[in-house]
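*Asks:* For reference, the sequence and a predicted model appear below.
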Amino acid sequence: MKLLILDRDGVINYDSDAYIKNLDEWRPLPGAVDAIARLSKAGWTIAVATNQSGLARGYFDQAALDAMHERLRQLVAEQGGELGLIVHCPHGPDDGCDCRKPKPGMLQQIAAHYGVSLAGVWFVGDSSGDLKAALAVDCQPVLVKTGKGLLTLAQPLPAGTLVFDDLAAVASQLIH
């Protein structure tokens, strides 16, 4: 199985320090939906692991989050692709869970769902928390310059981190 794991906010869709709270605020980044569809059609399974502490903070509810993810699935399907498992951490930063990145719980959940080892699997994110989560489960850390990526790039990166302009560039690298 060719598995690719993506962060959501800042990788697939525009991010906001005020949180993405509803379907109207959820807007895909240029080329991101097309990249997911192209990867899917090329035989890749695409999973998403996203921190969504806005749930714990009361900024939006599960129905609003589900609507955003359904829209993403629909947009990918309209381009002939398929999006795999989407997992999210609903907890706040101080809740002590094992799923909130940089903890590896969501990535382990994806591995268990697909029955695969994560060794060498690319995890594409835009933050140091994404990169640390990748390293915790032996994934290949991949940073995109979208979202918080440029801020993250200004900090020391884990050894071996791959850097791309955006998700479309990642897709182009993986589809030969």
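*Replies:* Received it, and whenever you're ready, just let me know what you need.

*Asks:* Can you name the secondary structure element that comes next after the longest helix along the chain?
*Replies:* Using DSSP state H to define each element, the chain has its longest helix at helix 62-78. Scanning forward in sequence from helix 62-78 by DSSP states H and E, the next helix or strand is strand 86-89.

*Asks:* so what does the longest helix of the chain touch, helix or strand wise?
*Replies:* helix 32-41, strand 86-89 (3 or more Cβ pairs under 8 Å, 6 or more residues apart in numbering; DSSP states H and E). Where you see a C-beta, it was placed from the backbone N, CA and C, and this is true even at glycine.

*Asks:* at 7 Å instead, please
*Replies:* Packing partners of helix 62-78 (3 or more Cβ pairs under 7 Å, 6 or more residues apart in numbering; DSSP states H and E): helix 32-41.

*Asks:* what's the distance between the helix it packs on and the middle of its chain?
*Replies:* Helix 32-41 sits 14 Å away from the centroid of its parent chain (Cα atoms, centre = their mean, to the nearest Å).

*Asks:* coming back round to it: what mean pLDDT would you report for the longest helix of the chain?
*Replies:* Across helix 62-78, the average pLDDT comes to 98.

*Asks:* Export the lengthiest strand in the chain to CSV, keeping only CA atoms.
*Replies:* Looking across the chain with DSSP state E, the single longest strand is strand 44-51. Provided in CSV are the C-alpha atoms of strand 44-51 (Å, rounded to 0.1, in the frame of the first residue of the first chain):
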residue,chain,number,x,y,z
TRP,A,44,-2.0,6.3,-3.3
THR,A,45,-4.1,6.1,-0.2
ILE,A,46,-4.5,9.5,1.4
ALA,A,47,-5.2,9.9,5.1
VAL,A,48,-5.6,13.0,7.1
ALA,A,49,-4.5,13.7,10.7
THR,A,50,-5.7,17.0,12.1
ASN,A,51,-5.7,18.8,15.5
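
*Asks:* tell me the helices in the protein, going along the chain?
*Replies:* Going by DSSP H, the chain shows helices at 32-41, 54-57, 62-78, 105-114, 128-136, 149-153, 167-174.

*Asks:* Also compute the angle for the longest helix of the chain relative to strand 44-51, please.
*Replies:* 160 degrees (axes from the mean of the first three to the mean of the last three Cα atoms, to 10 degrees).
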